[in-house]
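Undergrad: just a sequence and a predicted model for now, questions to come.
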Amino acid sequence: MALIETTNLWKTYVMGAEEIHALRGVSISIERGEYVAIMGPSGSGKSTLMNLIGCLDTPSQGTYSLNGKQAGQMSDDELARIRNEEIGFVFQTFNLLPRATALHNVELPLIYAGVSAKVRHERASTALDKVELGDRKTHKPNELSGGQRQRVAIARALVNNPSIVLADEPTGNLDSKTGVEIMNLFERLHEAGNTIILVTHEPEVAAHAHRSIHIRDGQVEKDVRRVA
């Protein structure tokens, strides 16, 4: 059973008298443990597809199943639980709390999940160790470089041991050297067994993934696997 399965996925927005089809019948299947880049130019529908995979939005038509469960049949509470526990999000803008330490920022999903303070500290510390920031746990975002902030965001995405790490333009705000370091980190996370889905318009970022799904005008243009 595939981890992610979309069948004839459409997303239509009504803008006044006009209908805009952001996705037009997208069917893809992603297995557990894959490292996939979703590529496409601005306005192609890749961000819309990411929002549907991340259960941040619902399709206008078609079905999406995650871990064998249909997202369209879940309650808002179930979808919120999946967003918190099954999916680790990494955004271009880091989305860290400015006054909180790295450790506290990483703990946030565990607070929402009702995990005890002792276990939260342990798991957040372990996640920061994984991204090589064990010595920066008490630092606040303004005391960290851009690359370190993104590592904190990745640690936060990992802290619930999610089924999927979903990264949206994760190197977009970083210089090229730091971007390479972050992509090397994703490679190590994938080798450790994480399923990674990367949304990007940059070919050099997508080149790190083992499979690239190209979206254009709301449809899958091509689906290419890298030959080892």
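TA: Yep, that arrived. Numbering: from 1, shown residues only.

Undergrad: for the chain, what's the longest helix?
TA: helix 176-191 (DSSP state H).

Undergrad: verify the contact between residue 158 and residue 88 for me.
TA: Yes: the criterion here is C-beta atoms under 8 Å, and residue 158 meets it with residue 88 at 5.7 Å. The C-beta positions use only the backbone N, C-alpha and C, and glycine is treated the same way.

Undergrad: who touches both of the two?
TA: By the contact definition C-beta atoms under 8 Å, 6 or more residues apart in numbering, residue 158 and residue 88 are jointly contacted by residue 165.

Undergrad: which stretches of the protein have low pLDDT?
TA: Scanning the chain for pLDDT under 70 picks out 228.

Undergrad: who's the residue most central in space within the chain bridged to?
TA: Centroid-nearest residue in the chain, with C-alpha atoms, centre = their mean: residue 166, separated by 1.2 Å. Under DSSP bridges, the beta-bridge partners of residue 166 are residue 89, residue 197.

Undergrad: next up, the contacts around it.
TA: Counting by C-beta under 8 Å, 6+ apart, residue 166 touches 50, 53, 54, 87, 88, 89, 90, 157, 197, 199.

Undergrad: same thing with residue 206?
TA: Neighbour list for residue 206: 37, 39, 198, 200, 212 [criterion: C-beta under 8 Å, 6+ apart].

Undergrad: roughly how far apart are it and residue 200?
TA: Going from residue 206 to residue 200 by C-beta to C-beta, to the nearest Å gives 5 Å.

Undergrad: what sits in contact with each of the two?
TA: 37, 39.

Undergrad: as a check, name the ranges of all strands in this structure.
TA: 4-15, 18-30, 35-39, 61-66, 69-70, 87-90, 164-168, 195-200, 211-216, 219-225 (DSSP state E).

Undergrad: among those, which is nearest residue 153?
TA: strand 87-90 (5.4 Å; C-beta to C-beta).

Undergrad: related to what we said a few turns ago, looking at residue 158 and residue 88, which is more packed in?
TA: Using other C-beta atoms under 10 Å, the more surrounded residue of residue 158 and residue 88 is residue 88, with 29 against 24.

Undergrad: still on that earlier bit, what about the contacts of residue 166, which one has the most neighbours?
TA: residue 88 (29 neighbours).

Undergrad: leaving out chain neighbours, which residue sits closest to that residue?
TA: In space, and not counting its chain neighbours, residue 88 is closest to residue 157: 3.0 Å by C-beta to C-beta, 6 or more residues apart in numbering.

Undergrad: any idea how far that neighbour lies from residue 223?
TA: Using C-beta to C-beta, residue 157 is found at 25 Å from residue 223.

Undergrad: same thing with residue 29?
TA: Distance from residue 29 to residue 223, by C-beta to C-beta: 10 Å.

Undergrad: cool, and residue 73?
TA: 27 Å.

Undergrad: so between these two, which is more surrounded?
TA: residue 223 (12 against 9).

Undergrad: check contacts around the more buried one.
TA: Neighbour list for residue 223: 28, 211, 212, 213, 214 [criterion: C-beta under 8 Å, 6+ apart].
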